[in-house]
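Novice: Okay, structure incoming, though there's no sequence with it:
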């Protein structure tokens, strides 16, 4: 495709919009407000149409103002229904979303049926969005909103952070949590509204949710989340405009959303630490470690109790002690042999090497100490819930470990 | 083919079919919606009915036909997939549930739109999916036993029948799963299976209604009638009936007004449903806001009246103690101040006069009637008994007793008064040293 001036304008506009949505959307996702954005976008439709009826022509700022007003009215109705009636939040969102949208459809169709030529508004392009019509003023408007949001987020970073994670605590601390929440809501509303012409009523919420939800996989820190989410939004906007620029019939919103979906799926699968692949690898490693430890401890304990000073343990003895099948014991033994911790004197018995004995003793000691700790200090034990066998000396205070060791000696005699 | 019913003019016939199509679609949606709203899954219904578009488009691309069979299979598959993916993302992907839903359904909807706009000759264009072409329902017709019937009816009627069948066949299961999914699971009916069956039904109804009323109006009819009915009743069977009634009124009035305003009928049906919902929110007999507000107003007027009477009684008592010949009567403004000067206080004085508790003197000041004096005596007795009770049992200092007693005196009836007096060994003075008036022979009703 040829990069004409118009293409660049569209690209700049949608990318900026994506960045702004990503930034603001992080808070929407963290505050569990994702679907309120959806309701807001739907509720904006009647406002767009009413503004068109009042002004009598396709005047973008007026229409956006109208949409902003009815959108906020929709959010206010949701809040009122949730607090004042027995209607739950999900139904409140659903009612507002569908009734306002229905009103918007009624208005837009009657506009199309009544208004004569020329100014026919093309209101239906607001449903699924249209990126082709973006002009320089639109880009400036988006840039303005993005700048305002950025400045607000930077200036009130600490406050927003507190409200996003624990608004109850923020309130107790004396922050104006409700007003901060309103400010966040206003930023969300503003971003949704300027995005409507490009992404459309039905899909604008996605631009708010997807970058933040994708970025969430990559980081646990809010500042990185905001940054990554904005960058993701930018990328989604840039990539997503290409199909609608190339294909004549393609509305604006869907390709942008699909670009976001692709990014989301990649994040879901491949993000380090929180991604599914990384987590399944970590889970597998964890299971192996626990299995190895269990095997070492079991062989150590059975071997010590065996007659004749021979530390070899028959596989049958092992399997009757642990609910393992033969195969999993074989797999674990293979690993332990490779690590030089255990050996198989015959096909049906296992034995620890001297390194293995040392390790087994260590593990059994930790295990017993944790056990004792749980019994003696049940009220605080919950704080050390992982009870990792390798880290008891780091996790518990040294004096406590000494004390527990003393108790253990007393008990075993 | 026969244009049926023959006695109607062509225009009236179109209107009739519009209403009938709306009725059938709304009934199916309104029934399913009750279970969604009760299980707090309205938005999953919303998500499924958006996402279904991808299934329809996918099935069309794979089979190359718009036969209802493959479309249904595609739609149900995607509908279940939406519920499944949302669940999976939020449990295994640690995405907050609302965001998970948002990601899944917008993605599938976007996919559906892209697939559809890639296919030129698909019967379902995006406009149709989004708005519905209810006004044209009577235009696309098919031959059923020699009668000309709208094409939409051939899918909607079976879908609606299936919904009714579903609701009756699984009535018990749906009922338990709606109110207590854990109980349902522990009784051996998997709430999860019911959940996915419900989602499949939503998908089926959405597909059937897609052509006639459009996806987003399906959402309106799934949620709004059910939410309206939820405001009006506590019984599931009544809720279903009311929900269907709301849907039916929406269909009829919506079609009528859409005709008059020359606009989209499906949208108008959603608006009519919204109006009914608003009416239920405000006027509902049990949970309506108006009733709630009136109840609160009634209570605050009663309290204001009692405050005025108690203030007048104390004034008389003071006059008796200081041996003044006449108690100085209170002006209206003073009475209002005694009742907190609010809106309720404004209503209180005229009400007390009307009911004969107080009367105006020549200087337009207020004095108690005998009737009012009895009430004042009872109130002050409650007040002082409560002060004594607090003082004895909670060890509160004397200056902390008045406030709580001032609030509780309005709720202490004759029996409670008697119980308090009995428990406190019938005290004659309160902790401030004021006399506690004796009980009334007959009970004093409140104004």
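Specialist: Yep, it's here. What you see is a predicted model, and the numbers here were worked out from it, not measured in a lab. Numbers count the residues shown, from 1 in each chain, chains lettered A, B, ... in the order given.
Novice: Any stretches of the chain with poor pLDDT?
Specialist: By default, I'm working from chain A. Across chain A, the ranges flagged by pLDDT under 70 are A:1-3, A:115-123, A:305-310, A:384-387, A:413.
Novice: that's the wrong chain, I meant chain B
Specialist: Using pLDDT under 70, the flagged stretches of chain B are B:1-4, B:118-139, B:216, B:324-329, B:441-447.
Novice: The residue of the stretch 301-447 of chain B found nearest chain A - how many residues pack around it?
Specialist: Ranked by CB to the nearest CB, the top residue of the stretch 301-447 of chain B for proximity to chain A is residue B:343, at 19.6 Å. In short, each C-beta sits where N, CA and C put it, glycine included. For residue B:343, the tally of surrounding residues (other CB atoms under 10 Å in any protein chain shown) stands at 12.
Novice: dump the residue contacts of residue A:162.
Specialist: Residue A:162 makes contact with A:169-170, A:173, A:175, according to CB atoms under 8 Å, 6 or more residues apart in numbering or on different chains.
Novice: Check which helix or strand it maps to.
Specialist: Here residue A:162 sits within helix A:157-172, counting by DSSP states H and E.
Novice: Now do the helix or strand following that helix: distance to the chain's middle.
Specialist: Using DSSP H and E, the helix or strand that follows helix A:157-172 in sequence is helix A:177-199. Helix A:177-199 sits 20 Å away from the centroid of its parent chain (CA atoms, centre = their mean, to the nearest Å).
Novice: Ok, stretch A:12-19 next?
Specialist: Taking the mean of its C-alpha atoms, stretch A:12-19 sits 22 Å from the chain's own mean (CA atoms, centre = their mean).
Novice: Give me the buried entries from the contacts of residue A:162.
Specialist: A:170, A:175 (16 or more other CB atoms under 10 Å in any protein chain shown).
Novice: what about residue B:364, is that helix, strand or coil?
Specialist: coil (DSSP: H, G, I helix; E, B strand; the rest coil).
Novice: Phi first, then psi, for it.
Specialist: Note on residue B:364: its backbone torsions stand at phi 60, psi 40 [degrees, to the nearest 10].
Novice: Taking chain B, what residue is nearest to chain A?
Specialist: In chain B, the residue that lies nearest chain A is residue B:270 (2.5 Å; CB to the nearest CB).
Novice: Could you give the number of residues near the residue nearest to that residue when sequence neighbours are not counted?
Specialist: Spatially, and ignoring its direct neighbours in sequence, residue B:270 is nearest to residue A:102 (2.5 Å; CB to CB, 6 or more residues apart in numbering or on different chains). Residue A:102 has 33 neighbouring residues, counting by other CB under 10 Å.
Novice: can you check the one 3 residues further on too?
Specialist: One way to gauge burial is a neighbour count; for residue A:105, by other CB under 10 Å, it gives 31.
Novice: ditto for residue A:230
Specialist: Residue A:230, neighbours per other CB under 10 Å, totals 26.
Novice: That one and residue B:367, how far apart?
Specialist: Distance of residue A:230 to residue B:367, computed by CB to CB, to the nearest Å: 74 Å.
Novice: now swap in residue A:292 and tell me
Specialist: Residue A:292 is 93 Å from residue B:367, by CB to CB.
Novice: what does the stretch 251-400 of chain B have sitting close to chain A?
Specialist: Listed as neighbours of chain A in the stretch 251-400 of chain B under the rule CB under 8 Å from any CB of the partner chain: B:258, B:261-264, B:266-271, B:273-274, B:277, B:281, B:287, B:289.
Novice: So which of the residues you listed are in helices?
Specialist: Using DSSP state H, the members of those that fall in helices are B:258, B:261, B:266-271, B:273-274, B:277, B:281, B:289.
Novice: quick one: contacts of the strand or helix carrying residue A:127?
Specialist: Element membership for residue A:127 (DSSP H and E) is helix A:125-128. Outside of helix A:125-128, the residues within contact range by CB under 8 Å, 6+ apart are A:45, A:48, A:108, A:133, A:196-197, A:200-203, A:251-254, B:113, B:126, B:130.
Novice: Any of these buried? List them.
Specialist: Applying 16+ other CB under 10 Å to the contacts of helix A:125-128 flags A:45, A:48, A:108, A:196-197, A:200-203, A:251-254, B:113, B:126, B:130 as buried.
Novice: Start from the N-terminal end of the chain and give the strands.
Specialist: The chain I'm using is chain A. A:313-314, A:342-346, A:349-352 (DSSP state E).
Novice: nope, chain B please
Specialist: Ranges of strands in chain B, per DSSP E, are B:2-3, B:141-144, B:147-150, B:358-360, B:366-368.
Novice: out of the ones you listed, deepest packed?
Specialist: strand B:366-368 (a mean of 22; mean count of other CB atoms under 10 Å in any protein chain shown).
Novice: From the contact counts, what lies against it?
Specialist: Identification of packing neighbours for strand B:366-368 by 3 or more CB pairs under 8 Å, 6 or more residues apart in numbering or on different chains; DSSP states H and E yields helix B:289-321, strand B:358-360.
Novice: Kindly recompute the last result at 10 Å.
Specialist: Using 3 or more CB pairs under 10 Å, 6 or more residues apart in numbering or on different chains; DSSP states H and E, the elements in contact with strand B:366-368 are helix B:289-321, helix B:332-338, helix B:343-354, strand B:358-360, helix B:370-394.
Novice: ok, now which ones touch the residue nearest to residue B:270?
Specialist: Residue A:102 makes contacts with A:42, A:45-46, B:131, B:214, B:216-217, B:219-221, B:224, B:250, B:254, B:264, B:266-274, as judged by CB atoms under 10 Å, 6 or more residues apart in numbering or on different chains.
Novice: Okay then, goodbye and thanks.
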